[in-house]
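Student: quick one: sequence and predicted model below, then my questions.
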Amino acid sequence: MLNQLLEKKQKLAVIGLGYVGLPIALEFARKMSVVGFDIKPERVALLNQNIDPSSELDASEFEGTDIQFTFQLEDLKDVQFFIVAVPTPIDNHNNPDLRALLSASKTVGKVLKKGDIVVYESTVYPGCTEEDCIPILEAESGLKFITDFKVGYSPERINPGDKEHTLTKIKKVVSGCDPESSQIVADVYSSIITAGVHIASTIKVAEAAKVIENTQRDLNIALMNELSIIFNKMGINTYEVLEAAGTKWNFLKFTPGLVGGHCIGVDPYYLTYKSSEIGYHSKVILSGRHTNDSMAAYVAKETVSLLSDKNIPLKQANVLVLGATFKENVADIRNSKVADVVKELHSFKVNVDIVDPHASAEEFHEEYGIHLAPKIEGPYDAIIVAVSHSEYMELTEDYFKSISKPDAGILCDIKGIFKSSVKDLTYWSL
């Protein structure tokens with residue numbers, strides 16, 4: 001199949017053109033004929049103008065590609081290799097939300113033909129591809145799994161905002177429903193992934209590998225967050241402790257912080273959901289999740305405590321929050337825990353201005369019901385540096401003082417950026 005794709009006698013399609021799907025589609029389109037499919041006509045319209053709606057890729061990334069962006073099902077009928085890269089979030093009860101994944105499976109099933117291969121990249125729990133997705137492909141196509149079509153799983157490893165660990169430089173885990181399909185999937189991905197591929201023995205192994213990557217990170221960050229709470233009660237700066245401990249060669253360098261986004265704060269729940277389904281109640285993983293999910297409220301309450309220490313009436317207090325996205329230097333607001341910080345402050349009747357040079361004010365309001373301020377007004381009783389955007393890294397104590405009230409001057413520095421440079425302001429960090 002690879003030769004047929006490279007010779008453009010067959011086509012490859014990517015279903016879902018967000019943070020994950022678009023880079024994959026464009027990379028394959030440098031060598032193959034690709035159909036990029038998304039259900040949102042407005043997204044497709046922007047892509048046809050070489051504009052990435054996620055603001056991750058420059059217009060130059062679209063150059064030299066053989067790709068057709070479309071939202072029309074008809075355009076998928078002559079495709080032989082499908083890659084499904086749609087979001088798999090959680091619902092309000094922290095259960096997997098598979099609606100986009102199952103809908104994408106129906107879409108592919110409607111155009112599936114004998115000899116086709118479908119590869120899933122979306123993060124799921126072990127068993128989801130075979131138990132939830134394949135039956136839909138069979139039902140919609142009228143074809144029989146393995147006999148008529150093959151399925152693989154290759155978990156995405158896209159890291160938004162990371163310009164070093166890009167798609168082709170990260171080793172790709174691949175798998176298939178049988179040895180033949182595993183090799184085909186490996187060959188196809190090897191054509192673009194310079195870092196190479198790792199063939200997992202089964203689809204379930206590949207699914208499990210993906211979901212524990214972020215679970216491991218989540219637990220390590222949870223430990224750092226718990227340590228920061230303990231050290232704060234002791235009057236010790238957590239970042240100074242980590243700096244000292246980090247001088248040992250085998251100390252793992254994690255730091256405390258707000259854990260949001262579409263991966264670390266979500267993926268562990270996919271594993272614990274499946275764990276509960278098979279009769280085991282996770283203790284360690286859910287404990288870490290509880291710790292990390294509680295940090296936004298902790299930051300807000302510590303800010304309120306500092307305001308109270310200065311006898312500032314909460315209803316008259318003005319707080320500035322710098323940063324709204326889930327991590328630094330990206331426009332991605334999905335599962336942003338900064339929104340939780342703001343909501344907790346609002347529960348204390350504190351007035352809050354939140355600004356971000358990367359986030360869309362319209363999207364943030366639509367997602368969280370919170371307005372981003374068009375500019376920094378001031379003066380403020382407290383400033384919370386919530387996201388370490390590059391725009392904030394060079395700010396000075398003099399700047400913070402210039403937008404602070406003379407009798408207040410509180411700086412809450414979540415990531416400990418300014419721990420060594422702030423002398424006059426009341427300083428707090430995780």
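Tutor: Arrived safely, thanks for sending.

Student: quick one, strands of the stretch 301-430 of the chain?
Tutor: 318-322, 351-355, 382-385, 410-413, 426-429 (DSSP state E, counting those that start in this stretch).

Student: how about the contacts made by Ile39?
Tutor: Phe71, Ser103, Thr107 (C-beta atoms under 8 Å, 6 or more residues apart in numbering). C-beta: built from backbone N, CA, C; applies to glycine.

Student: I'd like the distance between it and Leu112.
Tutor: According to C-beta to C-beta, to the nearest Å, Ile39 and Leu112 sit 18 Å apart.

Student: cool, Ser60 as well?
Tutor: For Ser60 relative to Leu112 (C-beta to C-beta), the value is 35 Å.

Student: neighbour count: these two, which is higher?
Tutor: Neighbours were tallied for Ser60 and for Leu112 using other C-beta atoms under 10 Å; the higher tally belongs to Leu112 (25 against 8).

Student: skipping adjacent residues, who's closest to that one in space?
Tutor: Excluding the flanking residues, the one nearest Leu112 by C-beta to C-beta, 6 or more residues apart in numbering is Ser141, at 3.9 Å.

Student: I'd say Val321 and Ile354 touch.
Tutor: Yes: contact between Val321 and Ile354 holds when scored by C-beta atoms under 8 Å: they sit 4.2 Å apart.

Student: tell me the SS of the nearest residue to Leu252 once chain neighbours are set aside?
Tutor: Closest residue to Leu252 apart from its sequence neighbours, by C-beta to C-beta, 6+ apart: Asn220 at 6.3 Å. Asn220 falls in the helix class when you classify it by DSSP: H, G, I helix; E, B strand; the rest coil.

Student: what of Ala209?
Tutor: helix.

Student: residues in contact with it?
Tutor: Counted by C-beta under 8 Å, 6+ apart, Ala209 has contacts Pro155, Val173, Ala200.

Student: number of residues surrounding the last one?
Tutor: Right, Ala200. 22.

Student: what does the second one give?
Tutor: Applying other C-beta under 10 Å, we find 21 residues neighbouring Val173.

Student: tell me how many other residues crowd Ala300.
Tutor: Applying other C-beta under 10 Å, we find 25 residues neighbouring Ala300.

Student: hmm, I typed the wrong one, I wanted Ile146.
Tutor: Neighbourhood size, Ile146 [other C-beta under 10 Å]: 12.

Student: what's the spacing between the residue nearest to it when sequence neighbours are not counted and Glu130?
Tutor: Leaving aside its chain neighbours, Ile146 sits nearest to Cys177 (5.9 Å; criterion: C-beta to C-beta, 6+ apart). Note on Cys177: its distance to Glu130, by C-beta to C-beta, is 8 Å.

Student: again, but for Thr107
Tutor: Distance from Thr107 to Glu130, counting by C-beta to C-beta: 19 Å.

Student: which one of the strands of the stretch 301-430 of the chain is the most hemmed in?
Tutor: strand 382-385 (a mean of 26; mean count of other C-beta atoms under 10 Å).

Student: which helix or strand contains Phe82?
Tutor: Under the criterion of DSSP states H and E, Phe82 resides in strand 81-84.

Student: need the CA coordinates for that strand. CSV is fine.
Tutor: The C-alpha coordinates for strand 81-84 follow below in CSV (Å, rounded to 0.1, in the frame of the first residue of the first chain):
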residue,chain,number,x,y,z
PHE,A,81,-6.0,4.7,4.2
PHE,A,82,-7.9,6.6,6.9
ILE,A,83,-6.4,8.3,10.0
VAL,A,84,-8.9,9.4,12.7
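
Student: can you map out the helices along the stretch 1-150 of the chain?
Tutor: 2-6, 21-28, 41-47, 99-111, 128, 134-141 (DSSP state H, counting those that start in this stretch).

Student: okay if I get these as a markdown table plus mean pLDDT and mean neighbour count?
Tutor: Output for the helices of the stretch 1-150 of the chain, formatted as a markdown table (pLDDT from 0 to 100; neighbours: other C-beta atoms under 10 Å):
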| stretch | mean pLDDT | mean neighbour count |
| --- | --- | --- |
| helix 2-6 | 96 | 15 |
| helix 21-28 | 97 | 24 |
| helix 41-47 | 97 | 16 |
| helix 99-111 | 98 | 19 |
| helix 128 | 98 | 25 |
| helix 134-141 | 98 | 18 |
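
Student: in CSV: these, plus distance to Ile212.
Tutor: CSV is the format used below for the helices of the stretch 1-150 of the chain (distance: least, C-beta to C-beta, whole Å):
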stretch, distance to Ile212
helix 2-6, 30
helix 21-28, 22
helix 41-47, 31
helix 99-111, 19
helix 128, 15
helix 134-141, 23
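
Student: nearest to Tyr270, out of those?
Tutor: helix 128 (8.1 Å; C-beta to C-beta).

Student: in TSV, list the strands of the stretch 301-430 of the chain along with mean pLDDT.
Tutor: Converted to TSV, the strands of the stretch 301-430 of the chain look like this (pLDDT from 0 to 100):
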stretch	mean pLDDT
strand 318-322	98
strand 351-355	98
strand 382-385	98
strand 410-413	97
strand 426-429	96
